[in-house]
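[1] prediction below, plus the sequence it came from.
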Amino acid sequence: MDEFASIRHWTAERQSTEWQRSRGVVLGIGDDAALVDSNFSIADIKGPYEWVMAMDTMVEGVHFADATMEEEDIGYKALAVNISDIAAMGGIPLHALVSVSVPKSFGPERMRRLYDGLYACAERYGVAVIGGDTTSSPQHLVVAVTVTGAVEAGRALRRSGAKPGDAVFLAGPPIGMSAAGLHGMLAQQSGSRVELPAALVQAHRHPEPGVRAGRMLLERGSCHSLNDVSDGLASEAWEIAEASGLAILLHERKLPRSGSMASYASRAAVDPLEWMLYGGEDYALLGTIAASDAEAAQAAFHAEGLPFYIVGETEAGEPGVRLIEAETERAVPLAKRGFNHFG
């Protein structure tokens, strides 16, 4: 099967022309480049808007392996992590360009399954897949996705807007579950018989970007900064602290902790706080909000069935992150670490 036949096999009849037009697509997959109407009307955005663009790459052996991900999971996650970046700006995801470098070990049917997962994510979040690139790879599969989105002009939520006296919050699932799931799957491959809850596997394989949460935070007007937890809570908190020029205090007692993660950590003899602070790939939203609106925002999220946790506060001072320990109530500095490709 040649390149063009492969592309048709993976993408044909996935999204109707009529549906793609609702996302402003004039010309999608099948030509040298895609065309998007620059003046199309975007539902939920009234007035001028700005484009939001994000790109992430997943590499076999670095981000996934046969022991941890099925083909459908790879496709789903490759798109989801990009959508999470759009959500972290308060934006609405719209279009995706997908580039794959395929080794011989991933034949047409395995790649078809990967695209099954990718299109499942696209359908869930209303993203039009409009093009990309396909090449061969000598050894490992590489999946690179670019997502475009839109946000009201001048209103994008950034890391740099936190103010002293803000409340720090997490919006999304309890942190650490993805790292726990990865730990458990790798342990099973090494012969571990410790029971691994399915919820932890699901958290690692199928992250759910907080698009609705990002939009709610933008609409409130009281959210001053936002980031998604991709590389670990400590790392993302440091990014906000440095970008905003202030200090962040996190309270261990207030950090959301999954029961399934805690029970697995106990059986595996691992401190779950390590996963929570440094594990990453949770894709919850970490941000700061005016303290006067924090509890009202929490109530609004809960009314929508969305998790929202007030986990700390900001203060003026040298940029940094400290953790108020649950047992001692001491404020200890948190290392600026998490997942780092070059560290």
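    Yep, that arrived.

[2] what about Ala300, which SS state?
    Assigned by DSSP: H, G, I helix; E, B strand; the rest coil, the conformation of Ala300 is helix.

[3] now it: closest residue in space that isn't a chain neighbour?
    Met216 (6.9 Å; CB to CB, 6 or more residues apart in numbering). (Glycine included, C-beta is placed from N, CA and C.)

[4] now for Lys254, how many residues are close by?
    Burial of Lys254 is recorded as 16 neighbouring residues (other CB atoms under 10 Å).

[5] surely it is in contact with Tyr309?
    Yes: here Lys254 reaches Tyr309: they are 6.5 Å apart, a contact under CB atoms under 8 Å.

[6] the residue nearest to Ile86 when sequence neighbours are not counted and Ser16, how far apart?
    Excluding its sequence neighbours, the residue lying closest to Ile86 (CB to CB, 6+ apart) is Gly149, at 3.9 Å. Applying CB to CB, to the nearest Å, the value for Gly149 to Ser16 is 21 Å.

[7] contact partners of stretch 175-185?
    Stretch 175-185 is contacted from outside by 67-68, 192, 194, 196, 199-205, 207, 229, 233, 255-258, 260-261, 264-265, 268, 270, 272-273, 275-276, 278-284, using CB atoms under 8 Å, 6 or more residues apart in numbering.

[8] same check on stretch 254-266?
    Under CB under 8 Å, 6+ apart, the answer for stretch 254-266 is 170, 173-177, 180, 184, 194-197, 199-200, 233, 271-272, 275-276, 307, 309-312.

[9] can we see that at 7 Å?
    For stretch 254-266, contacts defined as CB atoms under 7 Å, 6 or more residues apart in numbering pick out 170, 174-177, 180, 184, 196-197, 199-200, 271-272, 275-276, 307, 309-312.

[10] selecting buried members of those in ChimeraX, what would you type?
    Per 16 or more other CB atoms under 10 Å, the buried members of the contacts of stretch 254-266 correspond to this ChimeraX selection:
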select :170,174,175,176,177,180,184,196,197,199,200,272,275,276,307,309,310,311,312
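
[11] the contacts of stretch 254-266 in helices, which ones?
    177, 180, 184, 199-200, 272, 275-276 (DSSP state H).

[12] quick one on the thing from earlier: please report how far the residue nearest to Ala300 lies from Asp293.
    12 Å.

[13] can you list the weak-confidence ranges in this structure?
    By pLDDT under 70, the weakly predicted segments of the chain are 1-3, 338-343.
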